[in-house]
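Asks: no sequence on hand, only this structure:
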């Protein structure tokens, strides 16, 4: 189960995230726990692999909003970077960035499982 | 108001449109503190929720990038819907470019993602709801329902706002009304009149928009226009006159314009239009010009009248208003007998000197202030009758004027009875004069009031008889005790055969009704003899005396007492 302590070690700005939830810890943690199962990670992955920058942008953009609102800083920073590149339809190799994002997502997933 | 708005019992509905559960829930959690929150997954679903009309939404929070239908499309659809436009939209976005685009599409505000602290989000939502509600209230109240133009109060308020930022720009105040408009309502009914006014309102709105001008309906058929100065307003005149001509299918019903060009910005805004209206009001009858400009002569007259209006109360308080009395004599016997008097108002102004009653009586009749004057005269006359009664032991009945507006005063009878009681007088000692023209307007009401007064014992004189338009048939049914022949007929009866015939006719009517006829304005012995031959019993005029102050009137009473002693 995810906790505030675990999220702090993950690098999330839990004070900010909790504040945005009006201090409602149960709500905050419930919403954080949905992130590892967020379909937009899969959408981002498959769109990037298919070179579909348009749909990759949409997925990244949606993720960025959600991650930002939960102040999951390490994931948010990476996704925000990629979103800006995709907005400009920058043609480049996204595999390293994608791997980093997915690794961070896995890490959060593990914290939620433990 | 603010407190009432935020009361927990009136929780407004707010719609959150976002495809991301996390965003929806965070925002929902924030807003549910103050609002009843509903959700939609995308814009299409939002439109469905909004179309149900079972709930009134106070605010929509809209994500921009969503599957199925995005936020931009929603904003475009909203622009074309009168009902959706009434609900403010706050856009949730993290891009500057989208902020600009959504504001252009009618969004009221935006909330950045990630969201600000809850307090900030809540405050922003509250502010937007309040602004929109105020705006909707203003939209509901700023327009006159008949014409669609501004109401008078909003019109003046908007001008005040415009003036704050451009008080050095030359402006014009224009007032127009429709000649004989009351006939439209009278013959066609109120709805016909309203239809005409609505047509004028719609046409004005269209014509004025490119002129940088605004308009309101100030009263009945009177319209005000505030415009940046232009050479002439023929365009407006032609449009309004065209509507009138079409509507009546005749071209003699005229629109009259009054114009004050290049208004003085130091003068109060309301007064700009009072002056334009003064010009409009003086623009009667002259068909050669439909525009009357407010000019120096009019200004002098206007300022004079304004000072009379301003000074009336102090004139009453300081006794600058004085009641004069003109004797009336019965000429039936060999020697004329003093029968009664008419109370007439005089004004000795501290700076303007004696003011001609023709300068202030019609003015006060027009604006209703005559009621103050009448009430003053009534009270003075009642006191005077008592005083003479106490000093001389006889009653000199005094007649006082009852104006049209007094007839509408529900307190009229009570006021008069109170005066009599205070001075221990009976109604027979006090006479009331009502002008003939008052009889023509609102006849039923007038007859009712007069019959009640007569039942109390008052005697009613019909003043200026012959100057109005009473039909002979009407006269026979009127409750009157004395007919007064219009002064102008008496004055001209020796010069003009027609006037003589009219006097004869009126004297005949009085005889037919078996009531006395009083002739006013009698100046010479030959006039008196003619009237006497016609059977006119009572005479008033310079032949006997001009109106005089009470002290001077006492000489007539003393002479009368002497005559009685001698006979």
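Replies: In hand now; what should we look at? Note that this is a predicted model, so its numbers are computed, not measured.
Asks: now residue B:61: which helix or strand?
Replies: strand B:57-63 (DSSP states H and E).
Asks: so residue B:405: helix, strand or coil?
Replies: Recorded secondary structure, residue B:405: helix (DSSP: H, G, I helix; E, B strand; the rest coil).
Asks: ok, now how distant is it from chain A?
Replies: Taking CB to the nearest CB, to the nearest Å as the measure, residue B:405 falls 65 Å from chain A. No exception for glycine: its C-beta is placed from N, CA and C like everyone else's.
Asks: I figured that residue hits residue B:369, correct?
Replies: No. Assessed by CB atoms under 8 Å, residue B:405 is found out of contact with residue B:369, at 9.0 Å.
Asks: tell me what the strand holding residue B:61 is packed against?
Replies: Packing contacts for strand B:57-63, counted by 3 or more CB pairs under 8 Å, 6 or more residues apart in numbering or on different chains; DSSP states H and E, involve strand B:13-17, helix B:21-31, helix B:43-51, helix B:71-79, strand B:89-93, helix B:118-141.
Asks: so which of those is nearest residue B:110?
Replies: With CB to CB as the measure, strand B:89-93 is the member of the helices and strands packed on strand B:57-63 nearest residue B:110 (4.5 Å).
Asks: strands paired with the closest one, and their directions?
Replies: Strands adjacent to strand B:89-93 in the sheet, as given by DSSP bridges, are strand B:57-63 (parallel), strand B:109-112 (parallel).
Asks: which stretches of the stretch 251-400 of chain B have low pLDDT?
Replies: Applying pLDDT under 70 to the stretch 251-400 of chain B flags the ranges B:251-252, B:284-289.
Asks: how many neighbours does the closest residue to chain A within it have?
Replies: Nearest residue of the stretch 251-400 of chain B to chain A, counting by CB to the nearest CB: residue B:269, 49.6 Å away. Residue B:269 has 19 neighbouring residues, counting by other CB atoms under 10 Å in any protein chain shown.
Asks: give the contact list for it.
Replies: In this structure, residue B:269 makes contact with B:156, B:159, B:160, B:163, judged by CB atoms under 8 Å, 6 or more residues apart in numbering or on different chains.
Asks: doesn't residue B:265 make contact with the last one?
Replies: Yes. Contact status for residue B:163 versus residue B:265: in contact at 7.0 Å, counting by CB under 8 Å.
Asks: what residues of stretch B:111-121 count as buried?
Replies: The neighbour-count check on stretch B:111-121 (16 or more other CB atoms under 10 Å in any protein chain shown) flags B:111, B:112, B:113, B:114, B:115, B:116, B:118, B:121 as buried.
Asks: pick the one among those residues closest to residue A:64.
Replies: Proximity of these to residue A:64 (CB to CB) peaks at residue B:113, which lies at 7.9 Å.
Asks: may I have the phi/psi pair for that closest one?
Replies: Residue B:113 has phi and psi values of phi -110, psi 140 when expressed as degrees, to the nearest 10.
Asks: close enough to count as contact, it and residue A:65?
Replies: Yes. Residue B:113 is within contact range of residue A:65, at 4.7 Å (criterion: CB under 8 Å).
Asks: so, low pLDDT: which residues of chain B?
Replies: Using pLDDT under 70, the flagged stretches of chain B are B:1-9, B:250-252, B:284-289, B:436-442, B:466-476.
Asks: taking the stretch 1-150 of chain B, what residue is nearest to chain A?
Replies: Residue of the stretch 1-150 of chain B nearest chain A, by CB to the nearest CB: residue B:114 (3.4 Å).
Asks: pLDDT weak spots in chain A?
Replies: Checking chain A against pLDDT under 70 turns up nothing.
Asks: show me where chain A has helices.
Replies: Along chain A, the stretches classed as helices by DSSP state H are A:4-10, A:14-20, A:25-33, A:39-49, A:53-69, A:73-87, A:95-113.
Asks: turn these into TSV, columns for distance to chain B and mean neighbour count.
Replies: Conversion of these to TSV gives the following (distance: least, CB to the nearest CB, whole Å; neighbours: other CB atoms under 10 Å in any protein chain shown):
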stretch	distance to chain B	mean neighbour count
helix A:4-10	15	15
helix A:14-20	6	20
helix A:25-33	5	18
helix A:39-49	9	18
helix A:53-69	3	23
helix A:73-87	8	20
helix A:95-113	13	16
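Asks: and residue B:202, what does it touch?
Replies: Here residue B:202 is in contact with B:147, B:148 (CB under 8 Å, 6+ apart).
Asks: secondary structure class for it?
Replies: Three-state secondary structure (criterion: three-state DSSP) places residue B:202 in helix.
Asks: tell me the domain ranges of chain B?
Replies: Here the domain parsing of chain B from automatic domain parsing is B:2-141, B:152-294, B:324-345+B:355-566.
Asks: now the first one, how far from the centre of its chain.
Replies: Just to be clear, that refers to domain B:2-141. Averaging C-alpha positions (CA atoms, centre = their mean, to the nearest Å) puts domain B:2-141 45 Å from its chain's average.
Asks: dump the helices of chain A to CSV, plus distance to residue B:192.
Replies: Below are the helices of chain A laid out as CSV (distance: least, CB to CB, whole Å):
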stretch, distance to residue B:192
helix A:4-10, 75
helix A:14-20, 63
helix A:25-33, 64
helix A:39-49, 66
helix A:53-69, 61
helix A:73-87, 63
helix A:95-113, 75
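Asks: and of those helices, who's closest to residue B:17?
Replies: helix A:53-69 (13.6 Å).
Asks: so which residues on chain B come close to chain A?
Replies: Residues of chain B lying close to chain A (CB under 8 Å from any CB of the partner chain) are B:19-23, B:25-26, B:29-30, B:33, B:65, B:94, B:113-115, B:117-118.
Asks: ok, now which ones touch residue 24?
Replies: Because you didn't say which chain, this covers chain A. A:18, B:29.
Asks: switch to chain B, please.
Replies: Contacts of residue B:24 (CB under 8 Å, 6+ apart): B:16, B:18, B:39.
Asks: ok, residue B:17 touching residue B:40?
Replies: Yes. Counting by CB under 8 Å, residue B:40 is a contact partner of residue B:17 at 4.6 Å.
Asks: so what sits against both of those two?
Replies: Taking CB under 8 Å, 6+ apart as the criterion, residue B:17 and residue B:40 both touch residue B:46.
Asks: looking at the two, which is more packed in?
Replies: Neighbour count, other CB under 10 Å: between residue B:17 and residue B:40, residue B:17 has more, with 29 against 23.
Asks: look at residue B:479 and give its secondary structure.
Replies: coil.
Asks: from what I can see it touches residue B:450, true?
Replies: Yes. Residue B:479 is in contact with residue B:450 according to CB under 8 Å; the separation is 5.0 Å.
Asks: quick check: neighbours shared by those two?
Replies: Counting by CB under 8 Å, 6+ apart, the common neighbours of residue B:479 and residue B:450 are residue B:460.
Asks: so which of the two has more stuff around it?
Replies: The neighbour count for residue B:479 versus residue B:450, taken as other CB under 10 Å, is higher for residue B:450 (23 against 16).
Asks: residues touching that one, list them.
Replies: Contacts for residue B:450 (CB under 8 Å, 6+ apart) come out as B:434, B:460, B:479, B:480.
Asks: contact partners for residue B:103?
Replies: With contact set as CB under 8 Å, 6+ apart, residue B:103 has these partners: B:91, B:110.
Asks: picking that back up, export the contacts of residue B:24 to TSV and tack on neighbour count?
Replies: Output for these, formatted as TSV (neighbours: other CB atoms under 10 Å in any protein chain shown):
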residue	neighbour count
B:16	23
B:18	29
B:39	18
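Asks: now those residues as TSV including distance to residue B:98?
Replies: Output for the contacts of residue B:24, formatted as TSV (distance: CB to CB, whole Å):
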residue	distance to residue B:98
B:16	18
B:18	14
B:39	21
